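Engineer: Sequence below, structure please.
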Amino acid sequence: MRMRNEKAIGIFIFVAGLIILLGKLGVFGFIGRHFWPLLILLPGIALHALYYARLTPSWSLVPAGTLTVYGLLFGVTNTWGSGLMSNLWPAFLLGIAVGLLEYALADHRRPAMVLPVALGVGILSIILFGFTLLHTGIIYVLAVILIVGGMWLLFGRGRQGRGW
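Structural biologist: I've put the predicted structure just below:
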C-alpha cells in the first residue's frame, strides 16, 4: 500500500512541476489568447449534438445556433484581427436568426411567429452586411462589375437578337 501512495505522490509532484513550468513558459497564456473562442463554439456544437441525440428539447437549438455562429465569428476576428469586427458585426443578428431558424425548422409545434421573425432578422443581417461591405473596398468591385456589365450589354452581346 505504501508503494502505491508513493507513486501517486510522485505523479502529483511531477504534474504540478510540469504545470508550473508550462505556465512560466507562457503556454497557458498562448492557449488562452488564441483558443478562447472555443469556449463559445464548443457549447454550441454540444447543444446541437444533444438535440440530435434526442436528449434536449428543440428550443435548445436557439442557443446552439447562436453560440455556434458567435464562436465562429470570434474565431475569425481572433485569428485575423479584431478590426474585422467593424465589418462583421451584423453576424450578431445572424446568430440569433440561425438559432431561431433551426428551432423553427426542427419543431412543428413551435410558436407561430418564430419562422417569420427568424427570416426577418436574417434578412436584416444580410442587408446590414451589404451596407458594411459598401463602406469597404467592395464598392470599387461593384462599380467595375456594373461598368463591365453595361459594356457587355452595349457592345459585347453580338447582334444575334434584335430585341432587348
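Engineer: For burial, what's the neighbour tally of L153?
Structural biologist: Neighbours of L153 under the rule other CB atoms under 10 Å: 10. Every C-beta, even on glycine, is put in place using the N, C-alpha and C of the backbone.
Engineer: next one: V62
Structural biologist: Neighbour number of V62 under other CB under 10 Å is 20.
Engineer: Excluding sequence neighbours, find me the nearest residue to it.
Structural biologist: In space, V62 comes closest to G99 once its chain neighbours are excluded; the distance is 4.0 Å by CB to CB, 6 or more residues apart in numbering.
Engineer: for V76, same thing?
Structural biologist: V76 sits nearest to L84 (CB to CB, 6+ apart), 6.6 Å away.
Engineer: now the helix-or-strand element of the chain with minimal mean pLDDT: how far from the chain's centre is it?
Structural biologist: For the chain, counting by mean pLDDT, DSSP states H and E, helix 27-35 ranks last in confidence among helices and strands (a mean of 78). Remark: helix 27-35 is offset 20 Å from the chain centroid, using CA atoms, centre = their mean, to the nearest Å.
Engineer: and T79, what element?
Structural biologist: helix 61-80 (DSSP states H and E).
Engineer: Quick one: name whatever helix or strand follows that helix.
Structural biologist: Sequence order places helix 85-88 as the next helix or strand after helix 61-80, per DSSP H and E.
Engineer: what secondary structure does V117 sit in?
Structural biologist: Look at V117: counting by DSSP: H, G, I helix; E, B strand; the rest coil, its state is helix.
Engineer: L100 is in contact with that one, correct?
Structural biologist: Yes. The pair V117 / L100 is scored as a contact, 6.1 Å apart, by CB atoms under 8 Å.
Engineer: pLDDT weak spots in this protein?
Structural biologist: 1-2, 157-164 (pLDDT under 70).
Engineer: ok, longest helix in it?
Structural biologist: helix 2-24 (DSSP state H).
Engineer: Between helix 27-35 and it, find me the angle.
Structural biologist: Interaxial angle, helix 2-24 versus helix 27-35 (axes from the mean of the first three to the mean of the last three CA atoms, to 10 degrees): 60 degrees.
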